[in-house]
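K.L.:
Would you be able to build a 3D model of this:
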Amino acid sequence: MNLLEIKNARKSFDGKKIIDGVSLTVTRGKIVGLLGKNGSGKSTLIKLINDLLTLDDGEILVNGEKIGVNSKAVISYLPERSYLDVSKKVSEIFDYFEDFYKDFDRDKAESLVKELELSLDMKISKMSKGMREKISLALVMSRRAELYILDEPLGGVDPVTRDRILKTILSNFGENSSLIITTHLISDVEKILDEVIFIDKGKIVLQGDADKLREEENASINDIFRRKVQ
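P.N.:
Have a look, this model is predicted:
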């Protein structure tokens, strides 16, 4: 059974097609790059998977079931925009996650904070954008989830922070789980990807194994993307 299966998904806003007949599958143990330009439909598709938007047509299945309460219990989602309460300390945010998510591993989260050179006593309001990205990632990756979804986790942060974020993803990724990462910064993430999905104007234009694509095309994923998506 596929961990995630999307069948002919469609979503429009004000008569404009944002997701136009998307079908794809994600199996276990994979890091998948959902790659596209700004406005390609990446974030809308992610919100549909997380049941934050309603499909106009089609079907989304997680572990063979329609999205809903059960899918939310196994998906750990990092949205594009920060949701952290700026009035709270990091430790207080952890308190909330520990109460809300049964699969939240507090010890792991606190260990990640130390690795990322941050403090549990620091207020979110005193943090830079890069620091907030690190805390958000620590929260998401500290759940024992089956599917991790990171929407533009590298946007607006410096190259050093990007490297730290990618290292954190790799070192905290379970072999029986899968991870979807959306980004338009393809060259930064392609080294960690097992599979890629190119999306453009709400349609999937290519899906495949990253290594095979590099070999067949004799090019980087970034270069292949530029060829396929104009």
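K.L.:
Can you give me the buried ones in the helix or strand harbouring residue 113?
P.N.:
Under the criterion of DSSP states H and E, residue 113 resides in helix 106-115. For helix 106-115, a neighbour-count test (16 or more other C-beta atoms under 10 Å) marks 109, 110, 112, 113 as buried. Yep, even glycine has a C-beta here, placed from its N, CA and C like the rest.
K.L.:
what packs against that helix?
P.N.:
Helices and strands touching helix 106-115, by 3 or more C-beta pairs under 8 Å, 6 or more residues apart in numbering; DSSP states H and E, are helix 90-100, helix 129-141.
K.L.:
I'd like the ones you listed as CSV, with distance to residue 81 appended.
P.N.:
Output for the helices and strands packed on helix 106-115, formatted as CSV (distance: least, C-beta to C-beta, whole Å):
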stretch, distance to residue 81
helix 90-100, 16
helix 129-141, 10
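K.L.:
want to throw these into TSV with mean neighbour count, mean pLDDT and distance to residue 82?
P.N.:
Shown next, in TSV, are these (neighbours: other C-beta atoms under 10 Å; pLDDT from 0 to 100; distance: least, C-beta to C-beta, whole Å):
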stretch	mean neighbour count	mean pLDDT	distance to residue 82
helix 90-100	15	93	11
helix 129-141	21	88	5
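K.L.:
among these, which is nearest residue 58?
P.N.:
Of all the helices and strands packed on helix 106-115, helix 129-141 sits nearest to residue 58, with 26.3 Å by C-beta to C-beta.
K.L.:
name the helices or strands packed onto that closest one?
P.N.:
Contacts defined by 3+ C-beta pairs under 8 Å, 6+ apart place helix 129-141 against strand 75-78, helix 90-100, helix 106-115, strand 147-151, helix 159-171.
K.L.:
okay, it in PDB with CA atoms only?
P.N.:
Extracted C-alpha coordinates of helix 129-141, given in PDB (Å, rounded to 0.1, in the frame of the first residue of the first chain):
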ATOM      1  CA  LYS A 129      13.900  34.300  10.800                       C
ATOM      2  CA  GLY A 130      16.600  31.600  10.500                       C
ATOM      3  CA  MET A 131      16.300  30.700  14.200                       C
ATOM      4  CA  ARG A 132      12.500  30.400  14.000                       C
ATOM      5  CA  GLU A 133      12.900  28.100  11.000                       C
ATOM      6  CA  LYS A 134      15.200  25.900  13.000                       C
ATOM      7  CA  ILE A 135      12.700  25.800  15.900                       C
ATOM      8  CA  SER A 136       9.800  25.000  13.600                       C
ATOM      9  CA  LEU A 137      11.800  22.200  12.000                       C
ATOM     10  CA  ALA A 138      12.800  20.800  15.400                       C
ATOM     11  CA  LEU A 139       9.100  20.600  16.300                       C
ATOM     12  CA  VAL A 140       8.100  18.900  13.100                       C
ATOM     13  CA  MET A 141      10.900  16.400  13.000                       C
END
